[in-house]
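Colleague: Would you be able to build a 3D model of this:
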Amino acid sequence: METAQLKQQLKQQIIAFLNLTDITPDDIKDDKPLFGEGLGLDSIDSLELIVLLNREYGIVIKDLKEGRKVLVDVNTMVDYIEKNRTK
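Modeller: Residues are numbered from 1 along each chain as shown. Presented below is the predicted three-dimensional model:
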């Protein structure tokens, strides 16, 4: 899968997993922070994203520090998925 396709798929998965009914994939910019002033996600959402990475891509994140580095924005998540996916 090409990077652009993966980004689009990931955005759709984020919306579905987090039940973000008022957001479309086009609303999520690749380099916009997912937490805080960006998309406005919180710590519970980060746990859901870690579950998403595990279920959809076979990626296990056990270290919270690593998770913080991965869950910055769509670009960093896609880079991590491309390097670490097992599915």
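Colleague: in the chain, what secondary structure element scores lowest on mean pLDDT?
Modeller: For the chain, counting by mean pLDDT, DSSP states H and E, helix 64-70 ranks last in confidence among helices and strands (a mean of 89).
Colleague: Quick one: name whatever helix or strand follows that helix.
Modeller: Following helix 64-70 in sequence order, the next helix or strand is helix 74-84 (DSSP states H and E).
Colleague: now Ile61, nearest residue through space, not along the chain?
Modeller: Gly67 (4.7 Å; Cβ to Cβ, 6 or more residues apart in numbering). From N, CA and C alone the C-beta is placed, and that goes for glycine too.
Colleague: what about the one you found, how many neighbours?
Modeller: Residues contacting Gly67 under the criterion other Cβ atoms under 10 Å number 16.
Colleague: The one 10 residues further on now?
Modeller: Burial measure for Met77: 25 neighbouring residues, criterion other Cβ under 10 Å.
Colleague: Same question for the one 10 residues further on.
Modeller: For Lys87, the tally of surrounding residues (other Cβ under 10 Å) stands at 9.
Colleague: Next up, the contacts around it.
Modeller: Contacts here follow Cβ atoms under 8 Å, 6 or more residues apart in numbering; on that basis Lys87 touches 56-58.
Colleague: and which of those residues is nearest to Leu39?
Modeller: For the contacts of Lys87, the minimum distance to Leu39 (Cβ to Cβ) is 18.5 Å, reached by Glu56.
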